[in-house]
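Asks: structure for the following, please:
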Amino acid sequence: MGLGPGPLLGGGGEALPAPCPPPCDGGADGGRAGPDGGGRVGRAGRAAAAAAGPGGDRRGGRGAAAAAGGAVSAGPSLPGVSPGGGSAHPAALPRRDELLSSGFWEESAGAVRAPPCSAGRPWHCVCYGLGRFGTCPAARHQLAFLLLLLDLLAVPPDRCSVFDPAFSELEVAALGELGLRLLPENEEGKHRVQEGPTLFYMVHCGKALYNNLLWRNWSPAALSDIVIIGNSFKGMEERVLSRILERDYSYIAKVLKGTEEVALPAHPRYTDTFNDTSVHWFPPHKLEQLSAEVWEFLEEPTYQECEDLEIIRKGDEGNGRSPMAAQS
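Replies: Have a look, this model is predicted:
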């Protein structure tokens, strides 16, 4: 689907005032990931178990797409998924179908913007902090939303990289069955954009993760190729004392004047799932208005004075590596 610089389907909503909920069961920012208690079963069985969640269908690969409520229409067929996108597992239907039938997806898709220089260039996607979707309904809805986004932007699953140090072995298997690519290690958000326009899907991640991403891509050329779906930068500016924001999250503070932001619409069914979530992009004409001094400072963030660091550092959770990547 071709993308222009404007909205795709409709307008966004007003900023959502509710605070971000804690992760359901660990997650990239919660630091409470529990050990994987799953048995040693086949890969397809592990994927089905993770996708279906506790008490779900654990028979073979029939539930591989249950976490997302069915596969997106683009891309290869998956175990238990028909070429048209339907799933043989009844539990797979509510997640994706709820997003579509509620009207939330249609309104939210209208907030997605393409970088002005992206015309004719293939998109890529990076997802951080998805959380324990095998046990958390909110995380399953977030996964379903991600797959709908990939379909909308014509991003094949193998061009979407995913990482959360809290993923269990079952959840890693389920993501692999969906065709998504597991990052080999914890990047701490320091992912350099090199292959064209990139969507970063980072719902309810810690401020340090956004700050690290901006630092790694701190140039007008790189930032103008980035779209971030995650916690509202305007909300951070309003809630965090300016001296703290400038000291601990200086790249967020510096990019605020170069950012365009549209909030996802408020919806009573998804108050705890997508609250305080916005689409952010960085138009070249706004970045060019920032002073030259803004771009000269390139010191890597260390967070030595930060008292509430909301990120799992590399090596803090196990060895910081993705279970699937470690086996490959």
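Asks: pretty sure Ala138 contacts Asp272?
Replies: Yes - assessed by CB atoms under 8 Å, Ala138 is found in contact with Asp272 at 5.9 Å. No exception for glycine: its C-beta is placed from N, CA and C like everyone else's.
Asks: looking at the two now, which is surrounded by more residues?
Replies: Ala138 (20 against 16; other CB atoms under 10 Å).
Asks: and the more buried one, helix, strand or coil?
Replies: Put simply, Ala138 is helix when judged by DSSP: H, G, I helix; E, B strand; the rest coil.
Asks: cool, the one 5 residues further on as well?
Replies: Under three-state DSSP, Leu143 falls in the helix class.
Asks: how many residues are close by Gln194?
Replies: 10.
Asks: next one: it from Asn217, what distance?
Replies: Using CB to CB, to the nearest Å, one gets 10 Å for the distance from Gln194 to Asn217.
Asks: kindly report the same for Ile252.
Replies: Separation of Ile252 from Asn217 (CB to CB): 13 Å.
Asks: before we move on, what about Leu182?
Replies: Distance from Leu182 to Asn217, by CB to CB: 22 Å.
Asks: kindly report the same for Trp281.
Replies: On the measure of CB to CB, Trp281 and Asn217 end up 13 Å apart.
Asks: same check on Leu100?
Replies: Going from Leu100 to Asn217 by CB to CB gives 33 Å.
Asks: those two: who's more crowded?
Replies: Asn217 (22 against 14).
Asks: could you find the closest non-adjacent residue to that one?
Replies: Among residues not flanking Asn217 along the chain, Val193 sits closest, at 5.3 Å (CB to CB, 6 or more residues apart in numbering).
Asks: isn't the one you found right up against Ser224?
Replies: No - here Val193 does not reach Ser224: they are 9.7 Å apart, not a contact under CB under 8 Å.
Asks: so which of these two has more stuff around it?
Replies: A direct count of neighbours by other CB under 10 Å for Val193 and Ser224 places Ser224 higher, at 23 against 20.
Asks: not counting its neighbours along the chain, what's nearest that one?
Replies: Pro284 (4.7 Å).
Asks: equivalent analysis for Arg269, please.
Replies: With sequence-adjacent residues excluded and distances taken as CB to CB, 6+ apart, Arg269 is closest to Ser102, at 5.7 Å.
Asks: check contacts around that neighbour.
Replies: Residues near Ser102 by CB atoms under 8 Å, 6 or more residues apart in numbering: His267, Arg269, Tyr270.
Asks: phi, psi of it?
Replies: Here is the backbone geometry of Ser102 (degrees, to the nearest 10): phi -70, psi -20.
Asks: buried stuff in stretch 270-279?
Replies: Neighbour counts over stretch 270-279 (16 or more other CB atoms under 10 Å) mark Tyr270, Asp272, Thr273, Phe274, Asn275, Asp276, Thr277, Ser278, Val279 as buried.
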